[in-house]
Every structure is written in structure tokens, then in C-alpha cells.
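In: sequence first, then the predicted structure:
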Amino acid sequence: MKKTEYLKSYQLLGAAVAAAIFMSGCASTPTIPPPTDQMALSRAAISSASSAGGSEYAPVQLKSAMDKMDGAERAMGTKNYGLARQMAEEAQVDAQLAAAAARAGKAQKAADALQQSNQVLKKELDRSSTNPQ
């Protein structure tokens with residue numbers, strides 16, 4: 001064989017080896033499953049935050065959760081499951097923050113009402129002690 005035939009053989013062999021390596025690399029890349037469980041958890045967290053009064057007491061956090069959930073839905077539609085999972089997890093955290101803020105807001109409102117009621121009772125007691133009948 002001539003020298004150029006050897007070079008062509010080695011080039012062909014090199015191309016075949018490179019193709020095999022490339023194909024095995026693609027085959028060994030793990031596929032990310034759709035994050036359906038995480039999506040469901042995130043939706044439930046948003047629903048819970050909304051029911052807890054998130055739109056009244058934590059509108060920014062609730063909106064952030066909803067926006068991230070929309071992004072997760074879009075990522076699911078394009079089968080970008082890694083991004084979908086990340087956005088759904090962030091949406092869940094934002095929703096949990098909104099729910100906690102709503103509970104805290106409601107508790108503060110109840111405490112303020114109780115304090116006001118106590119002040120009214122104290123005034124009544126003061127008035128009745130200064131004006132005995």
C-alpha cells in the first residue's frame with residue numbers, strides 16, 4: 001500500500017472512533033425526567049398561599065411564585081426539565097413565604113384587634129372606678 005492509502009485508512013479509522021466516542025457520550029448523558037411531582041407540589045403551595053390570604057398580606061411574594069410557576073410551565077412545554085424543576089422549586093419557596101407572611105399578617109391583625117379591645121375594656125374599668133354608682 002502507498003503512504004496516502006495508509007493516511008486515508010487512519011483518517012477513516014480516526015473518524016469512526018471519534019463518531020463512536022461522540023455517540024457513546026450522547027447515550028450516556030442521563031435524561032432528566034419531567035418534574036411532575038415538583039410541579040404538583042408547587043401548584044399546591046401557591047393554592048395554599050392564596051387561600052391563606054397571600055394576595056392581601058403578601059402580594060409581591062405570591063405574584064413572584066405565580067410568575068415562576070408560569071416559567072416552569074413554559075419550560076415543561078419545551079421539555080427543558082432541569083429549568084422546569086428549578087423554577088417550580090423557586091415557586092414553591094416563594095409560595096411558602098407568601099403563606100407564612102399571610103399567617104403573620106393575620107396574627108398581627110388579630111393581636112392589634114385584641115389590644116384595642118383591651119384598651120376599651122381598661123377605659124371602661126377606669127371610668128366605672130371613678131364614677132361608682
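Out: Cool, got the structure. Keep in mind that what you see is a predicted model, and the values were worked out from it rather than measured. Residues are numbered from 1 along each chain as shown.

In: low pLDDT regions in this protein?
Out: The chain contains residues with pLDDT under 70 at 1-30, 132-133.

In: how deep is residue 112 tucked in, by neighbour count?
Out: Neighbour count for residue 112, taken as other C-beta atoms under 10 Å: 10. Every residue, glycine included, has its C-beta placed from N, CA and C.

In: can you name the helix or strand that it falls in?
Out: Assessed by DSSP states H and E, residue 112 sits inside helix 81-130.

In: helices or strands up against that helix?
Out: helix 36-51, helix 54-57, helix 59-77 (3 or more C-beta pairs under 8 Å, 6 or more residues apart in numbering; DSSP states H and E).

In: relative to helix 59-77, how tilted is that helix?
Out: 160 degrees (axes from the mean of the first three to the mean of the last three C-alpha atoms, to 10 degrees).

In: hmm, back to that, wait, which of the helices and strands packed on helix 81-130 is closest to residue 99?
Out: For residue 99, the closest of the helices and strands packed on helix 81-130 is helix 36-51, at 4.0 Å, according to C-beta to C-beta.

In: what angle do helix 59-77 and that closest one make with each other?
Out: 160 degrees.

In: who touches helix 36-51?
Out: Under the criterion C-beta atoms under 8 Å, 6 or more residues apart in numbering, residues 58, 61-62, 65-66, 69, 72-73, 76, 84-85, 88-89, 91-92, 95-96, 98-99, 102 lie in contact with helix 36-51.

In: any idea how far the residue sitting nearest the centre point of the chain is from residue 59?
Out: Centroid-nearest residue in the chain, with C-alpha atoms, centre = their mean: residue 91, separated by 2.0 Å. Distance of residue 91 to residue 59, computed by C-beta to C-beta, to the nearest Å: 15 Å.
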